[in-house]
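3D, please:
(one chain, ligands or ions: 1)
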Amino acid sequence: MKHTAKANVNIALVKYWGKKDIEWNLPLTSSLSLTLDAFYTETTVAYDPKLTQDQLFIDDVEITGGEFLRVSKYMDKVRKLYNIPYYAVIHSYNFVPKKAGLASSSSAFAALAYAATKAYNLELDKKELSSLARLGSGSASRSIYEGLAVWHEGSDHLTSYAEHLTNMDDLALIVCLIDESPKKVNSTEAMNRLNDYPDLKELWVLSTKDAFNDMKDAIIENDFERIGGIAESHASLMHYIIQETGVSYLTDASFKVMDLTEKIRNEGIPVYYTMDAGANVKILTKKKYV
Ligand code: PMV
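This is a model prediction of the structure:
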């Protein structure tokens, strides 16, 4: 009744921002991401009939409070869906800076979904595992796969899952670590603000649908400049939208890195920036330009 699983962080090139169903974590739109091979989470789940509640350790430190509650509530959902009668001791190791906009929740909940079901001898196929990871953190649905993955928005629990799209082995992502401190507003709280801004929400949904279709075409055509351009303008739009709802994740240092990226690009090197719910800037390029 014990299993260890590993999952890697992914970074969205077409972002997920906003939910159409908060309880089931169904997104407003489909999204598309690149899984990174350098950053990952390794999690062991050990069920124990003697326990009266879950126990969580992250990097060997026992976790209580809000972070523990988020995980134990997630485990309650897993237990309910799969009739698992036991609480568990969970040990998780992050090979990624925690909560710094590097989407460590993507790898964390993907590894947890896998370990929590395997430890009970359940063999979920990847689609179902992806749906289960999604319940913990939307972006985790995409961390089930390597390379490029698409998360289909779907209309209910089992139709909202991610699938592997392709591997583009010459892609590289440079993470510019600007700020390792936890983010001020968590992504769920920030994205739910969009519900108070119907016009902004409509603009976001329509633009994201366009960006998603354009990105898929650009990937099929293997057109790196187009892939980078779509990713960059889409990330900028997301941060404009976030800003309009009263949250701001980017700092002066983020803007400096973005400016520098454009400058380097104007000198002829294909580099494109993207940012998530934090100040760090990720630069998409090809391996030969790193
Ligand atoms: O999975 P969450 O709830 O942490 O949300 C992730 C949101 C972004 O990282 C900003 C975008 C994305 O698609 O990963």
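
any idea how far the closest residue to Ser160 other than its chain neighbours is from Gly136?
What sits nearest to Ser160 in space, not counting adjacent residues and going by Cβ to Cβ, 6 or more residues apart in numbering, is Gly154, at 3.1 Å. C-beta coordinates here come from the backbone N, C-alpha and C atoms, glycine included. Distance of Gly154 to Gly136, given as Cβ to Cβ, to the nearest Å: 16 Å.

between these two, tell me which one has more neighbours.
Higher neighbour count among Gly154 and Gly136: Gly136, with 26 against 19, using other Cβ atoms under 10 Å.

what's the separation between the more buried one and Val185?
Remark: distance between Gly136 and Val185 (Cβ to Cβ) = 19 Å.

near the ligand, which residues of the stretch 51-200 of the chain are found?
Counting by Cβ under 6 Å from any ligand atom, the stretch 51-200 of the chain comes close to the ligand at Ala103, Ser105, Ser106, Ser137, Gly138, Ser139, Ser187, Thr188.

can you redo those residues as JSON lines with secondary structure and pLDDT?
As requested, these are exported to JSON lines (DSSP: H, G, I helix; E, B strand; the rest coil; pLDDT from 0 to 100):
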{"residue": "Ala103", "secondary structure": "coil", "pLDDT": "55"}
{"residue": "Ser105", "secondary structure": "helix", "pLDDT": "90"}
{"residue": "Ser106", "secondary structure": "helix", "pLDDT": "95"}
{"residue": "Ser137", "secondary structure": "coil", "pLDDT": "96"}
{"residue": "Gly138", "secondary structure": "helix", "pLDDT": "97"}
{"residue": "Ser139", "secondary structure": "helix", "pLDDT": "96"}
{"residue": "Ser187", "secondary structure": "helix", "pLDDT": "91"}
{"residue": "Thr188", "secondary structure": "helix", "pLDDT": "91"}
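
and the longest helix that the chain contains, which residues are buried?
In the chain, assigned by DSSP state H, the helix with the most residues is helix 198-220. If you call a residue buried by 16 or more other Cβ atoms under 10 Å, then helix 198-220 has these buried ones: 200-201, 204-205, 207-208, 211-212, 214-216, 218-219.

need the residues that contact it.
Counting contacts by Cβ atoms under 8 Å, 6 or more residues apart in numbering, the residues outside helix 198-220 that touch it are 13-15, 17-18, 28-32, 148, 150, 165-166, 168, 194-195, 226-227, 230-231, 233-234, 237-238, 241, 244-245.

tilt between the following helix or strand past it and helix 198-220?
Using DSSP states H and E, the helix or strand that follows helix 198-220 in sequence is helix 224-244. Per axes from the mean of the first three to the mean of the last three Cα atoms, to 10 degrees, the angle that helix 224-244 makes with helix 198-220 is 160 degrees.

which element follows helix 224-244 toward the C-terminus?
Note on helix 224-244: by DSSP H and E, the next helix or strand toward the C-terminus is helix 252-266.

now do that following helix: distance to the chain's middle.
Its chain's average C-alpha position is 24 Å from that of helix 252-266, according to Cα atoms, centre = their mean, to the nearest Å.

if we can go back for a sec, of the residues of the stretch 51-200 of the chain next to the ligand, just the buried ones, ChimeraX syntax please.
Applied in ChimeraX, the following selects the buried portion of these according to 16+ other Cβ under 10 Å:
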select :103,105,106,137,138,139,187
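
let me know the closest of the residues of the stretch 51-200 of the chain next to the ligand to His91.
Proximity of those to His91 (Cβ to Cβ) peaks at Ser105, which lies at 17.0 Å.

can you pull out the low-pLDDT segments for the stretch 1-150 of the chain?
For the stretch 1-150 of the chain, the stretches with pLDDT under 70 are 97-103.

in it, which spans are helices?
With DSSP state H, counting those that start in this stretch as the definition, the stretch 1-150 of the chain shows helices at residue ranges 65-82, 104-118, 126-134.

so for the last one, what gets flagged as buried?
Applying a neighbour-count criterion of 16+ other Cβ under 10 Å, the buried positions in helix 126-134 are Lys127, Glu128, Leu129, Ser130, Ser131, Leu132, Ala133, Arg134.

distance to Lys282 added to the helices of the stretch 1-150 of the chain, as a markdown table?
Shown next, in a markdown table, are those (distance: least, Cβ to Cβ, whole Å):
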| stretch | distance to Lys282 |
| --- | --- |
| helix 65-82 | 24 |
| helix 104-118 | 13 |
| helix 126-134 | 21 |
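
ranking those helices by burial, who's on top?
helix 104-118 (a mean of 27; mean count of other Cβ atoms under 10 Å).

what packs against that one?
strand 2-14, strand 31-48, helix 65-82, strand 87-95, helix 126-134 (3 or more Cβ pairs under 8 Å, 6 or more residues apart in numbering; DSSP states H and E).
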